[in-house]
Each structure stands twice: as structure tokens, then as C-alpha cells.
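Engineer: Output the structure for:
(chains A and B, ligands or ions: 4)
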Number of protein chains: 2
Amino acid sequence: MDTIYSDGYHIYFNNVVDELIRFIKNGGYSRFFVLTDENTSEHCLPVIKEQLDELGNYDVIEINAGEESKNIDFCIGIWRMLVDFEADRKALMVNLGGGVVTDMGGFAASTYKRGIDFVQVPTTLLSQVDASVGGKTGIDVEGIKNIIGTFTQPKAVFIDVAFLQTLPERQILSGLAEMLKHGLILDAEYWQKLKDSDLKQPSAELIHHSVVLKNKVVLEDPKEKNIRKSLNFGHTIGHAVETWSLTHDSNPLTHGEAIALGMICEGYLAHKKSGLKAEELEEIVSVIDSLYPRYSFKHSIYEELYSIMLKDKKNFDGKVNCTLLSVIGQFSIDNVCTKEELFEALDYYVNR
Amino acid sequence: MDTIYSDGYHIYFNNVVDELIRFIKNGGYSRFFVLTDENTSEHCLPVIKEQLDELGNYDVIEINAGEESKNIDFCIGIWRMLVDFEADRKALMVNLGGGVVTDMGGFAASTYKRGIDFVQVPTTLLSQVDASVGGKTGIDVEGIKNIIGTFTQPKAVFIDVAFLQTLPERQILSGLAEMLKHGLILDAEYWQKLKDSDLKQPSAELIHHSVVLKNKVVLEDPKEKNIRKSLNFGHTIGHAVETWSLTHDSNPLTHGEAIALGMICEGYLAHKKSGLKAEELEEIVSVIDSLYPRYSFKHSIYEELYSIMLKDKKNFDGKVNCTLLSVIGQFSIDNVCTKEELFEALDYYVNR
Ligand SMILES: NC(=O)c1ccc[n+]([C@@H]2O[C@H](COP(=O)([O-])OP(=O)(O)OC[C@H]3O[C@@H](n4cnc5c(N)ncnc54)[C@H](O)[C@@H]3O)[C@@H](O)[C@H]2O)c1
Ligand SMILES: NC(=O)c1ccc[n+]([C@@H]2O[C@H](COP(=O)([O-])OP(=O)(O)OC[C@H]3O[C@@H](n4cnc5c(N)ncnc54)[C@H](O)[C@@H]3O)[C@@H](O)[C@H]2O)c1
Ligand SMILES: [Zn+2]
Ligand SMILES: [Zn+2]
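Structural biologist: Ligands and ions are numbered 1, 2, ... in the order given. You can find the predicted model right below:
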């Protein structure tokens, strides 16, 4: 698989650990820090520890696992550790973990001493195919996801499918939703290939292709002025349901489960509004239904979901904007959807 | 006076309030926020309030005055207010105040929703000639100054000498130290002009020229790789004494008072190490002595000052790096100074 070149940095897929070690060694860094969470400390750090130890002069900063840690208190904790370890401007941060670690580690690094270098070593499928590419860093404040952050590119990304061996299946499926999305919005052939694959163990090639697709989009539109919006397919409704679930369910939806649900609803809207054929909608629904559990929710929460959509940082002027499909493999941005249409789409999910 | 063009934005000096109003009006912003502190709410906001009110759709966020407010708690407070006021990505932040307001407001804006636009309306001499130009934003964490921040350019800067009418003289002198520095490192003619002026009421022309000088430096070297280091003249020792004073004195030194002291010490080092003539050193010392009170400190704190210098984010590998002068109007960067030399320079200040 080819190394991918993104906005000033490389994304490595082969001999990843060796490449990482070489990168650190040749980077001229004064020292480096590895950010992990409890799970990646246990499952991922051991994979590279021996080689890191040979480099010397590093420290591990560990945070608790889970989205709840992605907040300003943990971020301050990271800054403090950097101060205590006397990290200077030539220090490097190595973020070893899922999207929580790569997003928060990226934010902490991009603001410490007005920015030190960082690299991403994503260890979940979601962070490999999505979070580690595109330069978005962030933390949640007041329970609002990613409300604080920067656009800062890492110095390199190291993607090793081997890390996924210890990842629970539910987390694999979470990342898979973004891969399905990449096919649906950008590449019909890839969508077909995904359909024919064992999706509970996506191959390195499939992961690589998802990163190629996402990278193309963010390179063309780094600040989300136009085509980057394509990546929001499934996310308008999906994100609202995810937020609702996070505050109401004891075992909330993963991001990917919510996006899968959102793609069914927005697929329906695409059929209604932007030309997606009925057979294509059915195809999408059947693939998603074969992979993800059905989520049940009542009509009584629709109003609340709608008000979450209105607050989404992508929406202005009280209008809800959706990215839809025209056919499988082609997106259509800036479709204003009325409250009635959105409710109809939710009904479609619930009643099908 | 000419409008100055910096890294993608203008710095206005004429009809400043009108320009500000025009900027906001034509910017296509969804709404705007004015960040003030107690003093600028009282003295500066009234100057522009009537015209702001005509624009409508804005809110004022006020923080406490003083460096103690430049911390993460106040920053979170600003983020929260933005959330509560439902600021979207098209909101604008207008920072009306001294360096505390412009630095922290710039940081809050540069990270809210991964960056909203902000403009600087500096109301202290220090922030006019220094903080508002160059794209450094920041807050203090764990008592360490500017340890967290970003490099983000404002969309415009509006410098109005009229704001300085209510500024206490001690604050004028604080900003003046940076103006003297600009002359000493970059422009001997300007230094002469300053010497011949009423420095307790610097004219708009002098302020303008300082901004021209600083702007030239930061444009050439935005990330402080080489010539931007020239701006550190007086700051290695000055900053250490400032930090010490902040934690030990009930009425601590202002930044400028500390830098003035630092320029005497580093002027001495320049005489010792980089060719500054004895007469030039005497000239510098006599100008500074005529303006700034003498600060008294004992030999017993030298070690502590030295360890603060070592922690400075500009120093690496346990070496203290100073920017010195070769003649008045010309700087010389990366002069490694030994502990003995630094102590000698402190002695020179104390014993002269
Ligand atoms: N920056 C972006 O562009 C972007 C894009 C998508 C998502 N995100 C962010 O990513 C986050 C979600 O990412 P995520 O799903 O990776 O979350 P996560 O980091 O919480 O990881 C999910 C779980 O898997 C565990 N884990 C990680 N690697 C493992 C491994 N190899 N083996 C066993 N367990 C492992 C983690 O400890 C955690 O419990 C969200 O905060 C989201 O906002 C960011
Ligand atoms: N970003 C940069 O490049 C840069 C450069 C130099 C300094 N700084 C930062 O700037 C800060 C110091 O700036 P400062 O000296 O302006 O501090 P400041 O903002 O605290 O202002 C000093 C005092 O003057 C008051 N004040 C402000 N305007 C006034 C007015 N017009 N009339 C009456 N009172 C007024 C303030 O309320 C405060 O009490 C420090 O935090 C420093 O780190 C940043
Ligand atoms: Zn997503
Ligand atoms: Zn200064």
C-alpha cells in the first residue's frame, strides 16, 4: 500500500512501527511523550514499548478511557504533565489511541507553548479511517462535542491494522460506518467492494482506501467550505441521535451506530429530495441492517432531536442543512431540510 | 499615518472607530461579542458604545482586570458565554483592552469551534505597540505566562491613541519600554527621536513607527526562528525578574519596568560580549534611569532568577540565550551567556 501524502505530512501503512521509530529518531526532538488511555496502555503500548525504550528520553501520559475524558480538565492535566516534565518547544507528542486520544492529544500539543509537534498513531478503526486525517483537533466543553479545538496538522500518521486485533467488535463496527459513508458519498466501486467483504475484520487495503478518499476531500477543502461537507452524510440526524443517546441511555450508541442510523434516515431524504433511487435506498438499508442493531426511540423525542440539529455548529440561521446522495457514490451538499421532512425521515427509520 | 499591512490583515491608525464599525458591518458576521475588562468597560467601551449599538446584535463579555485573570478558568468562562449566546462559526470577537484581553480573547476565539474571527482594539500602550501585532495569543497556566496559546492572526487591528488618555502613567511607561527596545534593536534614528520626545505622552506617530518596526520583524519571521528573537532584547533577565517580582512583591513590577531593568543588564552584556560601546551603554542607562524607578533586589535571589531563565521557553539544553546589541540600532541574536556573566550583569544593575 502506498504511503499517502496529505497536507504537509505522510500517512504510513507499511512497517509502521519502524517508520514511527525512525521518525522520532531523526526528528531532532528534545524528548517525546506518549499519550495513551487505559486500554491503549494495556494493548497497544506493549507492541512498541521495546523499540521506544531503545530511543530513551520519553514519558507516558495516560488518561482514562472514553469520551468522558475528552474534556478541559484532562487537557489541563496533560498541559501540567508537559510543564512538570519540562517539555520544551522541541518536544514531540505521540498520540497512541482512539479518536479521544488523537483529538485531545492533538489539541493539547497544538496549544502547548503555542504548538509543539505531534504524530497520530490511531488504534481504533474509527480513528484510523477518520479522526487521524484532516487536521481537526478538539475537546468537549459543557458536554458539547468538539466545541473547542484547532485545525492543526500532525507531523505524520502511522496506521497499523495490527492494533485492531484487540479492539472490541462494537468498536470495529463504529469505524466501519465511516467507511461505508466514504463509499456512499464518493466511490460506488468501493461501496460494492465493501459489501462483498468480511466487514467485521476490514482488511488493511480497505482501510487504506478509506483514508485515500477522506484525504482527497480534506486536501481539497481543508476548512469545510464546500466539498468537505460531503463527510457529513448521515451526521445531521446521526449526531443528534448520538447526543440524545449519550445523555439518556445507560449504554449509549457508539458514534458509528448513530451514523449508521443517520445514513438510513438521510438516505431516505436523499430518495425524497436529491434523486436517490428506491433500489439504492433499499440496498443501503439492507447492508446497514445486516450489521447494526436496530435502535428504538419514540416520536416524543423528535422535537428534542430537532433542537439538537439546530444547535449543530454546521447549521446557521435556524436552517438544517444536510449532505445527501444523488446516486450511490455521489453526494449533494447544502440540502435544506424542513422539520417535517426530518421527522418523516425519522419515521422511516422507526417504521420500516 | 499609513495603514499598516501585516500577515493578511490591516492595522488601522486613522478614524479608527469608524473603521472598526465599517469592518463589523461589512464582515457578514452573524453577531459579535465585545470582550472587555472592568477598566475598559468603564473607560473604553463608552467611546464606541453608541456606534456599536447602532449595529445591534452584540453582547459584552467582561473579565476582571489584571494578569491574574489571564487563566484557563476565565477562558472557559468566555467559551461558556459564547456557547450560551449561541455564537456560531460566523461570529466575531472584538477584544477591547490591554494585552490580557487581546491575548486571552485571541486564544478563546482561535479555539472556539476551531476558530472564529477576532479583531484587536488594544487600549494600553503595551498592547498597541506589542501585543496586538504578531499573532501570538495565550493564557497562563500553573502561573506560567503564556504557556498555552496559538499563533493566530486577527482579522484587523484598530489602534487609537485616544484610548490612552485614561491609562495610568505607570501603564504608559510599561508600554514605553517596548518602544525604547524597538529603537535599540532596529532603528538608531528612532531611538534618538524617542530621547527627544515627551515620553510620558507618546505621540501617535511614535506609536505608529513602533508598530511598523515590530510588524517588519514578525512578517519576516512569524514563528520566531531567527530575527524575531531580536524582540527578546531585555527579556531574558527582565522576564526572570518580572516572574520573581510577581510571586514575591505586594506591588509587583509591570512588564515594562522589568524589561527596562533587563535592558540595562543586557546592555551591559552587550558591552561585554557583542561590541556595544561604553558611551552607548551609558546613554541607554541614563535614558532608562530618567524614566523608571530603581528596583532593589539582593544577591541571594540570583540563583532563583537563573533557574527561571533556564525554564524560559526560548532556552534549550540548559543554555541561556540572549539577544544583545552590537551598536544602538542593531541586534545580535543567540549569545550564550554563562551563569557568571548573567550574575555580573545583575551586579551591574544593582551596583551602578
Ligand atoms: N478529528 C476528527 O476528524 C474526528 C473524526 C471522527 C471522530 N473524532 C472523534 O473521535 C472520538 C471517537 O473515536 P474512537 O471511537 O476511537 O473513541 P475512543 O478513543 O474512545 O476509543 C474507543 C474505545 O476503544 C478503546 N481502544 C482504543 N484502541 C484500542 C485497541 N487497539 N484495543 C482495545 N481497545 C482500544 C479505547 O480505550 C476506548 O475505550 C470522538 O471523540 C470523536 O469526536 C474525531
Ligand atoms: N501577544 C503578544 O505578542 C504580547 C506581547 C507583549 C505582551 N503581551 C501580554 O500582554 C499582557 C500585558 O498587557 P497590558 O500591560 O496591556 O496588561 P493589561 O491588559 O492587564 O492592562 C493593564 C491595566 O490597564 C487597564 N487598562 C487597559 N486599558 C485601559 C485604558 N484605556 N484606560 C484605563 N485603564 C486601562 C487594564 O484594565 C489593566 O488594569 C501580558 O499578559 C503579556 O503577556 C502579549
Ligand atoms: Zn463521523
Ligand atoms: Zn515584552
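
Engineer: near chain B, which residues of chain A?
Structural biologist: Residues of chain A lying close to chain B (CB under 8 Å from any CB of the partner chain) are A:30, A:72, A:76, A:79-80, A:83, A:86, A:88-90, A:107, A:110-115, A:136-138, A:141-142, A:144, A:146-151, A:311, A:313, A:315-317. The C-beta positions use only the backbone N, C-alpha and C, and glycine is treated the same way.

Engineer: and with 7 Å instead?
Structural biologist: A:30, A:72, A:76, A:79-80, A:83, A:88-90, A:111-115, A:136, A:138, A:141-142, A:144, A:147-151, A:313, A:316 (CB under 7 Å from any CB of the partner chain).

Engineer: Next, count neighbours for A:Leu35.
Structural biologist: Using other CB atoms under 10 Å in any protein chain shown, the number of residues around A:Leu35 comes to 25.

Engineer: next helix or strand past the helix or strand harbouring it?
Structural biologist: Assigned by DSSP states H and E, A:Leu35 belongs to strand A:31-37. Later in the chain than strand A:31-37, the nearest helix or strand by DSSP H and E is helix A:38-43.

Engineer: Sitting in strands, which of the residues of chain A next to chain B do you find?
Structural biologist: Applying DSSP state E to the residues of chain A next to chain B, the entries found in strands are A:141, A:144, A:147-148.

Engineer: Which one of the residues you listed is nearest to B:Gln171?
Structural biologist: A:Ile148 (31.4 Å; CB to CB).

Engineer: burial measure for the closest one, as a count.
Structural biologist: Neighbour count for A:Ile148, taken as other CB under 10 Å: 26.

Engineer: Quickly list what it is bridged to.
Structural biologist: Here A:Ile148 sits in beta bridges with A:Ile139, B:Tyr112, going by DSSP bridges.

Engineer: residue contacts, it?
Structural biologist: For A:Ile148, the contact set (CB atoms under 7 Å, 6 or more residues apart in numbering or on different chains) comprises A:138-139, A:141, B:79, B:111-112.

Engineer: Sort those by pLDDT and name the bottom one.
Structural biologist: pLDDT across the contacts of A:Ile148 is lowest for A:Val141, at 92.

Engineer: what about it, neighbour count?
Structural biologist: As a burial measure, A:Val141 scores 22 neighbours (other CB under 10 Å).

Engineer: Contacts only, for it.
Structural biologist: Here A:Val141 is in contact with A:71-72, A:147-148, B:76, B:79 (criterion: CB under 7 Å, 6+ apart).

Engineer: Helices of chain A, start to end?
Structural biologist: Ranges of helices within chain A are A:16-26, A:38-43, A:45-55, A:72-84, A:99-111, A:125-126, A:169-186, A:188-195, A:204-220, A:235-248, A:255-273, A:278-291, A:302-311, A:339-351, based on DSSP state H.

Engineer: Same list as before, those that is, but in JSON lines and with distance to B:Ile328 and mean neighbour count included.
Structural biologist: Output for the helices of chain A, formatted as JSON lines (distance: least, CB to CB, whole Å; neighbours: other CB atoms under 10 Å in any protein chain shown):
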{"stretch": "helix A:16-26", "distance to B:Ile328": "43", "mean neighbour count": "16"}
{"stretch": "helix A:38-43", "distance to B:Ile328": "56", "mean neighbour count": "18"}
{"stretch": "helix A:45-55", "distance to B:Ile328": "47", "mean neighbour count": "14"}
{"stretch": "helix A:72-84", "distance to B:Ile328": "37", "mean neighbour count": "18"}
{"stretch": "helix A:99-111", "distance to B:Ile328": "38", "mean neighbour count": "27"}
{"stretch": "helix A:125-126", "distance to B:Ile328": "60", "mean neighbour count": "26"}
{"stretch": "helix A:169-186", "distance to B:Ile328": "61", "mean neighbour count": "24"}
{"stretch": "helix A:188-195", "distance to B:Ile328": "66", "mean neighbour count": "16"}
{"stretch": "helix A:204-220", "distance to B:Ile328": "49", "mean neighbour count": "20"}
{"stretch": "helix A:235-248", "distance to B:Ile328": "60", "mean neighbour count": "21"}
{"stretch": "helix A:255-273", "distance to B:Ile328": "61", "mean neighbour count": "25"}
{"stretch": "helix A:278-291", "distance to B:Ile328": "73", "mean neighbour count": "16"}
{"stretch": "helix A:302-311", "distance to B:Ile328": "58", "mean neighbour count": "16"}
{"stretch": "helix A:339-351", "distance to B:Ile328": "69", "mean neighbour count": "16"}
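
Engineer: which stretch among the ones you listed comes nearest ligand 1?
Structural biologist: Checking the helices of chain A against ligand 1 by CB to the nearest ligand atom gives helix A:99-111 as the closest, at 1.9 Å.

Engineer: Just the residues contacting the closest one, thanks.
Structural biologist: A:35-37, A:40, A:66-67, A:69-70, A:74-75, A:78-79, A:93, A:95, A:116, A:118, A:120, A:122, A:124, A:126-127, A:131-132, A:137-139, A:149-150, A:152, A:154, B:148-150.

Engineer: hmm, try it at 6 Å
Structural biologist: A:35, A:37, A:70, A:75, A:78, A:93, A:95, A:116, A:118, A:120, A:122, A:126-127, A:131-132, A:137-139, A:149-150, A:152, B:148, B:150 (CB atoms under 6 Å, 6 or more residues apart in numbering or on different chains).

Engineer: and ligand 1, which of those reach it?
Structural biologist: Checked against ligand 1 using CB under 6 Å from any ligand atom, the contacts of helix A:99-111 yield the following neighbours: A:37, A:70, A:126-127, A:131.

Engineer: Quickly name whichever of those residues is closest to A:Phe163.
Structural biologist: A:Ser127 (9.7 Å).

Engineer: quick one on the thing from earlier: need the worst-confidence member of the contacts of A:Val141.
Structural biologist: A:Ile147 (94).

Engineer: For that residue, give me its contacts.
Structural biologist: The neighbours of A:Ile147, taking CB under 6 Å, 6+ apart as the test, are A:Val141.

Engineer: ok, back up a step: export the helices of chain A to JSON lines and append columns for distance to B:Arg352.
Structural biologist: As requested, the helices of chain A are exported to JSON lines (distance: least, CB to CB, whole Å):
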{"stretch": "helix A:16-26", "distance to B:Arg352": "49"}
{"stretch": "helix A:38-43", "distance to B:Arg352": "57"}
{"stretch": "helix A:45-55", "distance to B:Arg352": "49"}
{"stretch": "helix A:72-84", "distance to B:Arg352": "36"}
{"stretch": "helix A:99-111", "distance to B:Arg352": "41"}
{"stretch": "helix A:125-126", "distance to B:Arg352": "64"}
{"stretch": "helix A:169-186", "distance to B:Arg352": "67"}
{"stretch": "helix A:188-195", "distance to B:Arg352": "75"}
{"stretch": "helix A:204-220", "distance to B:Arg352": "59"}
{"stretch": "helix A:235-248", "distance to B:Arg352": "65"}
{"stretch": "helix A:255-273", "distance to B:Arg352": "66"}
{"stretch": "helix A:278-291", "distance to B:Arg352": "79"}
{"stretch": "helix A:302-311", "distance to B:Arg352": "63"}
{"stretch": "helix A:339-351", "distance to B:Arg352": "76"}
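
Engineer: Quick one, which of the ones you listed gets closest to B:Gly183.
Structural biologist: Of all those, helix A:99-111 sits nearest to B:Gly183, with 33.4 Å by CB to CB.

Engineer: ok and the residue in the stretch 151-300 of chain A nearest ligand 1?
Structural biologist: For the stretch 151-300 of chain A, CB to the nearest ligand atom, closest residue to ligand 1: A:Thr166, 3.7 Å.

Engineer: Surely that residue and A:Cys44 touch.
Structural biologist: No - look at A:Thr166 against A:Cys44 with CB atoms under 6 Å: they stay out of range, at 7.7 Å.
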